[in-house]
Every structure is written in structure tokens, then in C-alpha cells.
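Asks: below are the sequence and a predicted model; questions follow.
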Amino acid sequence: MLDVKFELLENVEIARNTYKMVLRGDTAGIRPGQFVNLKLPGFYLRRPISVCDFAPGALTLIYKVVGHGTAYMAELTPGAELDVLTGLGNGYDTAPSGEHPLLIGGGAGVPPLFALAKKLLAEGKKPAVILGFNTKDEVFYEAQFRALGAEALVTTADGSYGIKGFVTDAMDRPYTYFYTCGPEPMLKAVYEKSRTSGQFSLEERMGCGFGACMGCTCKTTGGHKRVCKDGPVFEKEELVW
């Protein structure tokens with residue numbers, strides 16, 4: 001874990017209430033599936049945001065405005081300096097993925113799958129991605145996944161774009177392994193529908209972000225574990241819903 005100062009380079013709306021933030025700073029040690037914790041002036045708790053993409057000296061975050069903290073973030077302009085805890089969480093393990101992994105993201109759970117797709121492709125795998133949203137104006141990063149070379153399918157609950165329905169309605173396809181991130185009801189549905197082993201990235205309210213406060217525990221076969229420290233990524237066989 002590193003406490004790093006980052007400079008804001010870009011902060012733009014890319015879909016309804018969804019923003020892409022690009023920061024300049026030290027990204028050493030960051031892995032796909034990890035998250036960062038942002039300190040915002042005037043707010044007691046930091047805001048945990050999953051890592052969408054990273055390169056030497058550059059960090060991309062995608063977040064949805066859902067409360068006062070993220071609303072404050074949306075108003076930040078280039079040149080602002082942010083205090084960021086990086087290298088949080090365990091991240092995804094690509095070793096068991098097989099040749100044709102399936103990546104399944106819902107809403108704010110889509111961003112961490114982007115860096116994962118890049119890593120899998122660099123390893124010679126052929127990932128397919130299912131991106132789930134409620135409606136057309138919430139869709140983002142479909143083109144970016146395809147530009148990487150990944151097959152991308154989009155589902156919308158209201159049928160206004162792509163496949164009508166939920167991510168599970170697009171899962172009837174061959175795959176060797178899966179990775180998923182999104183809201184708990186979606187994750188439970190993926191758990192029930194999945195035919196292979198896989199990894200789940202859980203979303204949870206966090207107090208500290210590094211395991212000290214015990215405020216984000218989840219139930220597993222090995223007892224209660226901390227989502228921020230022991231996760232946020234857990235293997236399918238660990239989880240007890």
C-alpha cells in the first residue's frame with residue numbers, strides 16, 4: 001500500500017452519471033482487480049474506486065455519481081491534486097483462466113475488467129466480455145474493449161441497446177473460466193448460472209480500505225473475511241451466499 005499524490009489530468013462524463021478520471025502519479029505495483037482509496041477535502045472517509053487501467057505514470061478510474069463524495073469528484077478540474085492510497089486489495093489471478101475466459105461486468109463493475117482483459121490478451125488468451133447496464137445511455141467502454149481485441153456483448157435491462165435482459169442472458173456460450181464484478185444481485189445470478197470455476201470481485205462499503213476497521217466482511221467457507229484486505233476478489237468456491 002502506498003499513499004501517493006496524483007495530479008488530475010482529465011475528468012469527463014462518458015455515460016449518464018458516469019465519469020472517467022485520468023491521474024498522473026506513481027502506479028508502481030498496481031494490478032488488475034485492485035482498487036484505490038481517494039481522500040477528498042471535507043469528507044471523513046476515503047472513496048474506494050476500482051482501477052480501470054494503468055500505465056507507467058498514469059492511472060484511469062471510472063466512477064458513477066451516487067452520493068455527495070462522487071458528486072464532489074465530478075466537479076474536480078485538471079490540475080487538482082489528490083491524495084490516493086494505491087495497491088489495495090488482492091486483484092485477479094489469471095493463471096486458471098484457460099484459453100477462452102469470460103468477463104462479466106455490471107454497471108460500475110465494468111471498469112476493473114478492462115485492465116484484466118488487457119492482461120489476458122497479453123498472455124495470449126481470447127477473452128469475451130459481457131457488459132450489463134440498465135439502459136442505453138448508461139453504456140460505456142464497449143468500443144474500448146473491442147479496440148483491445150476482445151469480443152464484447154452488451155445487455156440492457158430495458159432492451160434499449162444490445163441484448164435485452166441481464167448479463168446472465170448472454171452467458172450461454174462456451175468459456176473456460178469466468179471473472180465478474182458488479183452489484184450483489186448480479187453476482188448471485190452469475191454464481192447460479194455459471195458452469196465453471198471463476199473469480200468474483202465484491203462491492204462493499206469500506207471504512208479504511210486496508211483491513212483495520214473490519215467494516216466490510218463477507219461470509220466465506222473459511223469464515224468471515226475482509227473484502228478490502230482478503231478480497232475484493234474471491235474464488236467461486238469460497239463464497240457463501
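Replies: Looks like it arrived, so ask away.
Asks: can you pull the domain assignment for the protein?
Replies: Using automatic domain parsing, the domain parsing of the chain gives 2-88, 101-203.
Asks: closest one to residue 230 among the ones you listed?
Replies: domain 101-203 (10.1 Å; Cβ to Cβ). C-beta here means a position set from N, CA and C on the backbone, and glycine is covered the same way.
Asks: what's the end-to-end length of the closest one?
Replies: From the first residue to the last, domain 101-203 extends over 21 Å; the measure is Cα to Cα, to the nearest Å.
Asks: picking up where we left off before, most tightly packed of the domains of the chain?
Replies: domain 101-203 (a mean of 20; mean count of other Cβ atoms under 10 Å).
Asks: sorry, back to before: closest one to residue 241 among the domains of the chain?
Replies: For those, the distance to residue 241 is smallest for domain 101-203, at 5.4 Å, taking Cβ to Cβ.
Asks: OK, contacts around the residue lying farthest from the centre of the chain?
Replies: Within the chain, residue 42 marks the point farthest from the mean C-alpha position, 25.8 Å out by Cα atoms, centre = their mean. By Cβ atoms under 8 Å, 6 or more residues apart in numbering, the residues touching residue 42 are residue 72.
Asks: likewise residue 55?
Replies: Residue 55 touches residue 27, counting by Cβ under 8 Å, 6+ apart.
Asks: that one bridge partners, please.
Replies: In this structure, residue 55 bridges to residue 58 when assessed by DSSP bridges.
Asks: confidence score at it?
Replies: For residue 55, the pLDDT comes out at 97.
Asks: and of the domains of the chain, who's closest to residue 228?
Replies: Closest approach to residue 228 among the domains of the chain is made by domain 2-88 (6.5 Å; Cβ to Cβ).
Asks: distance from the closest one to the middle of the chain?
Replies: Centre-to-centre, domain 2-88 and its host chain are 13 Å apart (Cα atoms, centre = their mean, to the nearest Å).
Asks: give me the distance between the two termini of it.
Replies: Domain 2-88: ends 9 Å apart by Cα to Cα.
Asks: kindly list the longest helix within this structure.
Replies: helix 111-122 (DSSP state H).
Asks: what distance separates stretch 107-114 from the centre of its chain?
Replies: 4 Å.
Asks: quick check: mean pLDDT of it?
Replies: Stretch 107-114 shows a mean pLDDT of 97 in the predicted model.
Asks: residue 108 and residue 61 touch, don't they?
Replies: No - shown here, residue 108 and residue 61 do not form a contact pair, counting by Cβ atoms under 8 Å, at 10.9 Å.
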